[in-house]
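[1] Take a look and give me a structure for this.
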Amino acid sequence: MNTLNTFICQSCSEEHHQWPALVFPCPSVYAELSEEEKQYGQTELNDDFCVIERPDGYSFFIRVVLIQKVAGKCDGLEYGVWVSLSESSFLDYNENFNNENHEVRYFGWLSNWMPGYIYSDSVPMNVETKKGNDRPEVIPHQDPEHPFVKDYYAGISLEEAERRVAAVFG
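    Residues are numbered from 1 along each chain as shown. Take a look at the predicted model:
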């Protein structure tokens, strides 16, 4: 299988001729919850929003896009990831979700563990909404010590991008 040009989509079982987006279905912290914890209080998950209620408070998440540069390619490798936001940012995003002219920058934290990287803490992100209601794009804050952030800014090789796609769709 040439992962750069064709892949079989797990959702529709059709062959596609481009890189697929590598999508996380939920924030990592949600995936780690027991079924009992998922039923507690106001815990909710849909395609765009996630709210987790715990005895000590709420956590708020939105789905966003992260585009990883690939050396020698015009198109990057796209990820569908989740970021946590403050309550006020989450409420503002939610209130403006259908506003096609809403452009704002929020501060958030990457809420998925990207395969192949070791994390001691989450990665701080700028969350940038776009006109036209496209999903917000995230950009990691500069951190020359974190391998994921270094790869984000320097790019990954074509072989590494193909390996990542094959790991999900291979």
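[2] any residues touching stretch 53-67, and which ones?
    Here stretch 53-67 makes contact (C-beta atoms under 8 Å, 6 or more residues apart in numbering) with 21, 27, 29-30, 37, 40-43, 47-52, 76-87, 89-90, 93, 108, 111, 127, 134-138, 152. (Each C-beta comes from the backbone N, C-alpha and C, glycine too.)
[3] Let me fix that, I meant to ask about stretch 21-31.
    So stretch 21-31 is contacted by 38, 43, 45, 50, 52, 59, 61, 65, 77-82, 84, 111-113, 164-165, 168 (C-beta under 8 Å, 6+ apart).
[4] Just to be sure, Glu100 is in a helix?
    No - in this structure, Glu100 is coil, not part of a helix, as judged by DSSP: H, G, I helix; E, B strand; the rest coil.
[5] thought it was touching Asn133?
    Yes - here Glu100 reaches Asn133: they are 5.2 Å apart, a contact under C-beta atoms under 8 Å.
[6] the strands in the protein, which residues?
    Along the chain, counting by DSSP state E, strands occupy 7-8, 15-16, 22-23, 44-45, 49-54, 57-68, 77-85, 105-110, 124-128, 137-140.
[7] Distance to Ser157 and mean neighbour count added to these, as TSV?
    Output for the strands of the chain, formatted as TSV (distance: least, C-beta to C-beta, whole Å; neighbours: other C-beta atoms under 10 Å):
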stretch	distance to Ser157	mean neighbour count
strand 7-8	19	17
strand 15-16	22	12
strand 22-23	16	18
strand 44-45	34	15
strand 49-54	33	18
strand 57-68	11	19
strand 77-85	11	22
strand 105-110	22	19
strand 124-128	24	18
strand 137-140	19	18
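[8] Contacts only, for Pro115.
    So Pro115 contacts Arg164, Ala167 (C-beta under 8 Å, 6+ apart).
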